[in-house]
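In: mind folding the following:
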Amino acid sequence: QVQLVESGGGSVQAGGSLRLSCTTAGGSVDTYSMGWFRQAPGKEREFVAAIGWPGATTAYADSVKGRFTISRDIKKNTMYLQMNSLKPEDTAVYYCNGARGALASAVQAGRGDDWGQGTQVTVSS
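Out: Take a look at the predicted model:
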């Protein structure tokens, strides 16, 4: 099983930016797609973005398209989520997720069994 460790959460005002990171440890990450989900208080966990192996395919939720960019550095075993033009409705705990499969759709479809511990993102108006 691959371990996922997130970092980079925090508090920012609306319109600001944050970058989340997720580093893998243990287990092979060949043909391993990765992505982000988020969960706001009182709401279900929802898909945010995903990236395939080695980074050729990506997928985004409609609510973040044009504002968030997902990328990965294979050599560093790290995935990034650059979040720009943040809105208060982006406030949530963000979870890193990983799935076996080379395409971003593996994560988007909810087939990922590996989860990080979550990192809080708070956007104030």
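In: tell me how far stretch 8-27 lies from the chain's centre.
Out: Distance of stretch 8-27 from the chain centroid (C-alpha atoms, centre = their mean, to the nearest Å) equals 8 Å.
In: so what touches it?
Out: Under the contact criterion C-beta atoms under 8 Å, 6 or more residues apart in numbering, stretch 8-27 has outside partners 1-7, 32, 34, 36, 76-88, 94, 96, 98, 116, 119-125. C-beta here means a position set from N, CA and C on the backbone, and glycine is covered the same way.
In: buried subset of these, written for PyMOL?
Out: To isolate the buried members of those in PyMOL, using 16 or more other C-beta atoms under 10 Å:
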select buried, resi 2+4+6+32+34+36+78+79+80+81+83+86+94+96+98+116+119+121+122+123
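In: restricted to strands, list the contacts of stretch 8-27.
Out: Within the contacts of stretch 8-27, membership in strands is found for 3-7, 32, 34, 36, 78-83, 94, 96, 98, 119-124, as judged by DSSP state E.
In: what packs against the helix or strand of the chain with the lowest mean pLDDT?
Out: In the chain, no helix or strand scores lower on mean pLDDT, DSSP states H and E than helix 105-108, which sits at a mean of 91. Secondary-structure packing of helix 105-108 (3 or more C-beta pairs under 8 Å, 6 or more residues apart in numbering; DSSP states H and E): strand 32-39, strand 46-51, strand 58-60, strand 92-100.
In: sheet partners, orientation included, of the shortest one?
Out: In the sheet containing strand 58-60, the strands it pairs with under DSSP bridges are strand 46-51 (antiparallel).
In: chain center to the partner strand, what's the gap?
Out: Worked out by C-alpha atoms, centre = their mean, strand 46-51 lies 6 Å from the chain centre.
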